[in-house]
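Engineer: Give me a 3D structure for the following:
(3 chains, ligands or ions: 3)
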Amino acid sequence: MRNMSEKPLTERIRPNEAPASLKDYERAGGYASVRKCLSSMQPADVTQLVKDGTLRGRGGAGFPTGIKWSIVPQGADAPRPKYLVVNADEMEPGTFKDRVLLEGDPHQLIEGIILASFAIQADIAYIFLRGEYIVAQERIEKAIHEAYEAGFLGKDIIGSGYCLELHLHMSIGRYICGEETALLNALEGKRATPRAKPPFPQASGLWGKPTIVNNVETLSTLPHIVNRGVEWFKGLSRTPNGGTKLFGVSGKVKRPGLWELPLGTTVGEIMDLAGGMRDGLSLRGIIPGGASTDFLGPEHLDLQMDFDTVGKAGSRMGTGTMIVLDDKTCPVGMVHNLTQFFAHESCGWCTPCRDGLPWLQNVLWAIETGRGREDDMKMLHRHTKLLGPGMTFCALAPGAMAPLGSALTRFKDDFDQHIRAKRCPWR
Amino acid sequence: MLSDILKSEIESHIHEPEHRESACTEALRIVQRDRGWIDDESLKDIAEFLGMTTHELDGVATFFNLIHRRPVGRHVIRVCSSVSCWVLGYDALREALLAKLDVLLGQTTADGRFTVLPNQCLGTCDRAPAMMIGADLYQDIDPTRLDEILDRYA
Amino acid sequence: MPTIYIDGKPHAIDGGQNLLEACIELGLNVPYFCWHPALGSVGACRQCAVKQYKDESDSQGRIVMSCMTPATDGIRITVDDGDSKDFRASVIEWMMTNHPHDCPVCDEGGECHLQDMTLMTGHNYRNFRFDKKTYNNQNLGPLINHEMNRCIQCYRCVRYYKDYAGGGDLDAFAAHHHVYFGRSQDGTLESEFSGNLVEVCPTGVFTDKTLKRHFTRRWDYTTAPSVCVHCALGCNITPGERYGKLRRIRNRYNRAVNGYFLCDRGRYGYEFVNSGKRPKAPLRLQRDGTGEAFHVPVTRDEAMNEIGALLKNGAKTIGIGSPRASLEANFALRVLVGAENFYLGLSKIEYSLLSTILEIVIGGPARQPGLGALKDHDAVFVLGEDLTNVAPLAALSVRQTILNQPRAESRKMGIPDWNDLAVRRVIDVNKGPLFIAAPFGGKLDDAATQTFFGTPSQLAELGFAVAHAIDPACPAADGISADTAAFAKRVADALRAAEKPLVISGPSCGSESVVRAAANVAWALCRTEKPASLYYTAHECNTTGLGLMSGGHIEGAAEAIRNGDADTLIILENDLYRRADAALVDEMLSTAKDVVVVDHLYHPTAQKASFVLPAASFAEGDGTIVNNIGRAQRMMQVYKPEGEITESWRWLRRVRTATGVGQSTDLLYFDSFIHALVDEIPAFSRILEAAPSAAFRVGGQKIPRQTHRFSGRTAMKANVAVSETAIASDPDSAFSFSMEGFQMLTPAAVMSSFWVPGWNSAQAITRFQEEVNGPLEGGDPGIRLIEPMSGSTTPYFSATSNQPSKAGQLVAIPRYHIFGSEELSSISPAIAELTPALYVMMHPDDAQDSRLQDGDIVEVQIGGAVITAPLRINNDMARACVVVPIGFTNTQHVP
Ligand SMILES: Cc1cc2nc3c(=O)[nH]c(=O)nc-3n(C[C@H](O)[C@H](O)[C@H](O)COP(=O)(O)O)c2cc1C
Ligand code: SF4
Ligand code: FES
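Structural biologist: Ligands and ions are numbered 1, 2, ... in the order given. Below you'll find the model as predicted:
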């Protein structure tokens, strides 16, 4: 396997160890990209580099990062201040990748933040960190402090004339804060309901000013692209989209965990790293990229994990952290658990999500507890369409429909069995 | 009344003077860390300090998951109830915990020591089941060995 | 003009609007909740879904929210394909999972937008089999009833109350399907505009609490178009009556005036009409053995004969009119006593302020904008007025102006104005210029760029300074302080830089210099080729109308009586104790041989009268009133009052006949008075256009006051007689007192309630507008009587500078309260409950000088009167003055 060995994002991370201090980090080549960029590159160069590197966002949507940046108004008459916001709200069930980067290598993230901010000429950057990530909070606070001390943040960064303020914001908890426009409302101290698009944050974001929201993993990748170039970066991947990706496995496998692997590594290879299913269990389904992606099945072990391929297979790579369903766990119960999550995390702004998801949760619980009815299946199916993309105000509800919709077809027999037997066969 | 220490800590989260209210979620977090929960007086104090109305601030406070508008125990236990932990035995862990503490989900023990709440995915799914007590994260929890953990909290 | 294709058919539209608005304007039934014509779109409820196609070949299409999609040229949509219909029905189905099935006991029932939309989408079969969630309701005070379980979470209430009206004590709480709308804790809503929640809420969450005590279904009201009498702005209203009781007031849309909204005084002040203390028959004063005087009811004939007799016998009669009585009533009095014996019923100072204002707006170049046009201005200077308390709806409109300049930013970014939250996000904390200079702070100050507190003479000085800064040719006050100069410069620069500057002032400071200074500012702008607007408030519903009639003032009338030029006094709808010194009024009433009072209130003046004739309130009679800017509007009689109560003009005509003057046949009907008035006073020549005459018919038929669904017609009087009682005839208006007549398609001026099949709620209004937020089809009712002299170069007023008050003396400044200062509404229980206790207010420094603490009981001597009340200390007010609420018990009149 090509490049399996190269792990630029995680090579410095030592499990259960505090991250390197800025000094050690610099000794190991840290902040070189910032020096290079601020001394010898134009903002447009950075954006071009990222475009050529075909980097796509790691937050779940997979939007091409360079293209996103290039929409930000540039030049003297662009509105000010401009903002870069780091989406570190990681709250998607089954997702535990950003935590590793945040706790393990905060300076790498800050380095990426500076590069992205420079590319869009941001004046202020915020890290929006999920409230439960307390270890990450302490480590990032320390790293930010060090970076200011060393002159990588603040006024006239390492004599380049470029200025950037970086602030850490702790969330007080809501999944919807991960949605970039809801996140901006939360940062403004408002109820975190999403905003209508257009206008997009690039034009009117934080306090109506140009804003880019990027994921932790996306930004942590940047220093390596700047340091080692587009060709190297594309070489890391087995797909047309450059880079490695953090892949994770949770569920009843022998060695659940997280690995940095080339984009395009197959589901099977990742499952092997997880040691396969626990003894006595066999694989029934995989949610490939966090709660809001469609179930894949055992037939997908050869599927390459990258945005387009997984898309073609009828799901999404999402966050790349897989949740495994075994043959001794009730799929109905699992889907109920997921739906309960989405129903509870609905922001309550739009009707289909606010009132539709609790209904689905009720029906799924009824089925799971033996009170299901024949026509419940029709009702569930109908809702997977009614809460689909475009119907609701934001992508939360459609995300909730992904596992449900796919489960309804993939595990139809299990649902029917629950309804007919008036009980859950696994209880 | 907010102490000067609290005020200056909140102040440190106001990065744009014309948007003092933007620090309100941080303020809620900070004051709750100090007072355990956000009572009506704290709400009033923060609102005044940031130039909001109590109604507006309460609208924010009640929107989010981590802010308590009701009293809680000395230690808040947040049991991860999301999918990976569910697959790996959230139900059993929860029931064991509730039985041990003799409370229902969301309740506080008679001695005011613990409050048990479900929590959304704690982002440590490879080490499920997981829970937090105060600021401490516990992973790969074996429900039969809860005492060891709970005994660490007075 | 862009063309859009709806279900294949091309439609030409104006452009700029969104698809929902376009569909509404085309008369299509697309359901919606969160969109509101005054609040714009936010895309929350998802009810307005339609299907959009990429092009002709696209047969798939995709669902979009019509309220969030610009109606761009060539766009193709369908409103009735299966998918979008199914989705729209599902939205109702979701809302219904929790909405209680309590329509029969819900006050909204029958005029509920949720009921209408449910029918429109066709959702009817309940599939949801689980429990509904329930909420606790809150006590929100005497005006608004709260029933949260009915909420469908459209977010309209917060968006209106907080974003539009600037209220701070209503918000959204919690998340997911627990979202709650109310206050952090129970408590009376603080906004003076809270009543509009009743009409903004599409279902029964916020309903009229005063209506609850005498509830009536929408179709059971007897209604007629009317005009609010509780201030001078002339907001259009629809009063509703049943069983001889006035039940409620609803907003009546008029783009040129109040648009969609009313203030709480206008909505809830109506209950004085139902007061048991009102005289229902003529009263005659008589004395018992002990000489104790008291009133006894007498028949109409007795009253007319006796009054006729005492006027005949060579009595020297004078009449005192009223700024709260209709033109026709005042004119009837003028006709009865003769123009030379007619007094306007204003105090000397009210009189001179009014005359000055009229000179300015008639003779000067600056035009007075209509209330509805205030919000279109982009820089505002308020001089000497507390708008929220004196001209409430003007305050609400001025609040909107601060968005106008910043909105340029969002437009530059291509964000349509209807995309409300996106626009507000870009505007952020930016504010267009709004400068408020007044003796004390007001509720609008939070929207102001900067405020200035000063005594009336300091305010005048400031005004003149502003005018001088705009046009150096305009005289300046000399020796002004640096602060005043600096503030003046800021104001002047802002007004000069604006496209549509607006100057607002009025009589509330009791200072002519303030009024003149404001005129100078507007005129100075006019000379710099700016279309500057000048807006004066007034205090009562027909003050300006009265001013257009000539006549003396109350002190003049007192004089006439004192020196024997007059011995008999006829007082029209006027409690003189509210206008002049008690001593003076006492003298007047005791000196006069006889006093006849025509009024619907039994106030202190009436209590001393030899005769009291029971007059109709606004709801019980026809009349024309002229609002502060000179817009004449018609109040149509809603119902026939009980007993002998009838319009003042009718009483005065009867008196005239009884005295033998004139024929019993002339001035017989309402229209006869209007025609006579037009013939006699040119200023009123256009009031005929204010509303159709009594002869007006549609399809040969009168216009019914009752809906075609009116119930109980034969049964409601069964306790009196089982046979259907005769329907009263109405010779004075085009209306019938029944459900007979032409129900729809009537011109706006005679349109009392807006209804089309399927649209039973307040939302039906869009069906009657030429375009969304446009004028009513056929034009908004009412007619302007005052237009400025175009191109006039009226000379500036000369400046007056500040005269500091004598050492140790404080200037007394009256403070008007929206709740408590106005005579009629303060009798209504709900308003009375909101009226603050009497107090006096001082600046901390002045309080210190006189060693006073907040809460101390202080005695203030003003002219003859002495007021005793607790002291309020307030930073936001001028120095060297003491502020006293006016119009309260003990402060009816503050000289
Ligand atoms: C309901 C919802 C939750 C989301 N949560 C997250 C999150 O926790 N972290 C994240 O990076 N992106 C999250 N996203 C995606 C963000 O909206 C946004 O697309 C992403 O942060 C952009 O960063 P990227 O371009 O670097 O991927 C979420 C989206 C939705 C609709
Ligand atoms: S789909 Fe609607 S209710 Fe759900 S989270 Fe998004 S905006 Fe909120
Ligand atoms: S009216 Fe369009 S979404 Fe509510």
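
Engineer: And the residue in the stretch 151-300 of chain A that ligand 3 sits nearest to, its phi and psi?
Structural biologist: Ligand 3 sits closest to A:Ala196 of the stretch 151-300 of chain A, with a gap of 9.8 Å, by C-beta to the nearest ligand atom. In short, each C-beta sits where N, CA and C put it, glycine included. The phi/psi pair for A:Ala196 (degrees, to the nearest 10) reads phi -70, psi 140.

Engineer: you'd agree it is up against C:Leu421?
Structural biologist: Yes. Using C-beta atoms under 8 Å, A:Ala196 is in contact with C:Leu421, at 6.8 Å.

Engineer: intersection of neighbour lists for these two?
Structural biologist: Common contacts of A:Ala196 and C:Leu421, defined by C-beta atoms under 8 Å, 6 or more residues apart in numbering or on different chains, comprise C:Val42.

Engineer: returning to what we had before: how about the residue of the stretch 151-300 of chain A closest to ligand 3: what's its closest non-neighbour residue?
Structural biologist: C:Gly43 (5.4 Å; C-beta to C-beta, 6 or more residues apart in numbering or on different chains).

Engineer: Could you tell me how many residues sit around the one you found?
Structural biologist: The number of residues packed around C:Gly43, counting by other C-beta atoms under 10 Å in any protein chain shown, is 24.

Engineer: Please apply the same query to the one 10 residues further on.
Structural biologist: Taking other C-beta under 10 Å as the neighbour definition, C:Tyr53 ends up with a count of 17.

Engineer: what about the residue positioned nearest the centre of chain B, which helix or strand?
Structural biologist: Nearest to the geometric centre of chain B sits B:Leu66, at 4.6 Å (C-alpha atoms, centre = their mean). B:Leu66 belongs to no helix or strand when assigned by DSSP states H and E.

Engineer: so where's the stretch 551-700 of chain C uncertain?
Structural biologist: For the stretch 551-700 of chain C, the stretches with pLDDT under 70 are C:663-664.

Engineer: Report the closest residue of it relative to ligand 3.
Structural biologist: Using C-beta to the nearest ligand atom, the point where the stretch 551-700 of chain C gets nearest to ligand 3 is C:Gln633, with a distance of 32.9 Å.

Engineer: Chain A now?
Structural biologist: Minimum separation of chain A from ligand 3 (C-beta to the nearest ligand atom) falls at A:Cys350, amounting to 7.6 Å.

Engineer: what's the longest helix in chain A?
Structural biologist: Ranked by residue count and defined by DSSP state H, the top helix of chain A is helix A:216-235.

Engineer: The next helix or strand after it vs helix A:216-235, what angle?
Structural biologist: Later in the chain than helix A:216-235, the nearest helix or strand by DSSP H and E is strand A:244-251. Put simply, strand A:244-251 runs at 120 degrees to helix A:216-235, going by axes from the mean of the first three to the mean of the last three C-alpha atoms, to 10 degrees.

Engineer: Strand A:244-251 near ligand 1 anywhere?
Structural biologist: No. Contact between strand A:244-251 and ligand 1 is absent, the nearest approach being 11.7 Å (criterion: C-beta under 6 Å from any ligand atom).

Engineer: Just list what that strand packs against, helices and strands only.
Structural biologist: helix A:216-235, strand A:257-262, helix A:267-273, strand A:321-326, helix B:83-87 (3 or more C-beta pairs under 8 Å, 6 or more residues apart in numbering or on different chains; DSSP states H and E).

Engineer: How about residues contacting the one helix or strand C:Ala560 maps to?
Structural biologist: If you go by DSSP H and E, C:Ala560 is part of helix C:554-562. Around helix C:554-562, the neighbours that count as contacts under C-beta under 8 Å, 6+ apart are C:318, C:320, C:343, C:345-348, C:552, C:566-567, C:569, C:576, C:579-580, C:584-585, C:587-588, C:591-592.

Engineer: Send me the helix or strand following it as CSV with only the CA atoms.
Structural biologist: As assigned by DSSP H and E, the chain's next helix or strand after helix C:554-562 is strand C:568-572. What follows is strand C:568-572, C-alpha atoms only, in CSV (Å, rounded to 0.1, in the frame of the first residue of the first chain):
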residue,chain,number,x,y,z
THR,C,568,-75.7,81.2,29.3
LEU,C,569,-73.2,78.6,28.5
ILE,C,570,-73.4,75.5,26.2
ILE,C,571,-70.4,73.2,26.7
LEU,C,572,-69.7,70.5,24.1
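
Engineer: distance between strand C:568-572 and the chain's centre?
Structural biologist: Distance of strand C:568-572 from the chain centroid (C-alpha atoms, centre = their mean, to the nearest Å) equals 29 Å.

Engineer: got the angle between it and helix C:554-562?
Structural biologist: Here strand C:568-572 runs at an angle of 160 degrees relative to helix C:554-562 (the same axes, to 10 degrees).

Engineer: if we can go back for a sec, distance check, the residue nearest to the centre of chain B against ligand 2.
Structural biologist: According to C-beta to the nearest ligand atom, to the nearest Å, B:Leu66 stands 18 Å off from ligand 2.

Engineer: how many neighbours does the nearest residue to that residue once chain neighbours are set aside have?
Structural biologist: Once flanking residues are discounted, B:Leu66 sits nearest to A:Gly173: 3.8 Å by C-beta to C-beta, 6+ apart. Look at A:Gly173: counted by other C-beta under 10 Å, it has 24 neighbours.

Engineer: Neighbours of residue 195, how many?
Structural biologist: You didn't say which chain, so I picked chain A. Here the count is done by other C-beta under 10 Å, and A:Arg195 has 24 residues near it.

Engineer: hm, I was asking about chain C
Structural biologist: C:Gly195 has 28 neighbouring residues, counting by other C-beta under 10 Å.

Engineer: Could you report the distance from C:Thr835 to chain B?
Structural biologist: 24 Å (C-beta to the nearest C-beta, to the nearest Å).
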